[in-house]
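S.K.: coordinates only, sequence not included:
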């Protein structure tokens, strides 16, 4: 089994293998010794878990899965009182929407100039109007909920 | 430490250690026993700070859950 374990470690990238390989093997040998007195079934589970862990670990390390943000290790248990994204995101999204709309508008003007056709519809106005209506409706709805103290944050505070 | 509730394979364990090292939450240090291939790790200041924040968050959640259960039972 140790030979199989060592050969499975070769599935990892070379840098990872050099950094952690001997240490992993050492820990595996110790864990295997601890399992020596256990039943055949438990030992079977142990070897299956080790093999599965090595295969999935090697796949992850090849995919370069090294999350650099702080929330990922605890993603499954996340429940924060703060907003899920920075509030500046809303402003940035508005800027991006305006830029895209302006680009579409500009492209239509260029097309109309080149083909000599009459520009029939304006894209920007309906888009911006729709966006403003939706944004205002959402803001009003949230304001009502906030005034009634029925937002998620308020309900969480009430529990305390 | 977990009383057998958390059982990790070495592949999973060292994947987590690699991530924690990359994030600067833990660092290696020279342990007492240098005869084996095993190395020792300890929390960095950043790791300790993040751990404390996580403990506080979980403590808050368990307190809320306790209050919820107490309210249901009352």
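M.R.: Arrived safely, thanks for sending. As the structure is a prediction and not an experimental result, all values here were calculated from the model.

S.K.: For chain A, which helix or strand comes out least confident on mean pLDDT?
M.R.: helix A:152-159 (a mean of 69; mean pLDDT, DSSP states H and E).

S.K.: Where does chain B get nearest to chain A, residue-wise?
M.R.: As assessed by C-beta to the nearest C-beta, chain A sits closest to residue B:9 within chain B, at 2.6 Å. No exception for glycine: its C-beta is placed from N, CA and C like everyone else's.

S.K.: Excluding residues flanking it in the chain, which one is nearest that residue?
M.R.: residue A:53 (2.6 Å; C-beta to C-beta, 6 or more residues apart in numbering or on different chains).

S.K.: And the pLDDT at that neighbour?
M.R.: pLDDT, residue A:53: 89.

S.K.: Give me the contact list for the helix or strand encompassing it.
M.R.: Per DSSP states H and E, residue A:53 falls inside helix A:40-62. With C-beta atoms under 8 Å, 6 or more residues apart in numbering or on different chains as the test, helix A:40-62 has contacts from A:1, A:4-5, A:8-9, A:11-13, A:16, A:28, A:31-32, A:35, A:38, B:7-15, B:18.

S.K.: Please look at residue B:39 and residue B:21 and confirm they touch.
M.R.: No - look at residue B:39 against residue B:21 with C-beta atoms under 8 Å: they stay out of range, at 10.7 Å.

S.K.: Now do the shared contacts for the two.
M.R.: residue B:28.
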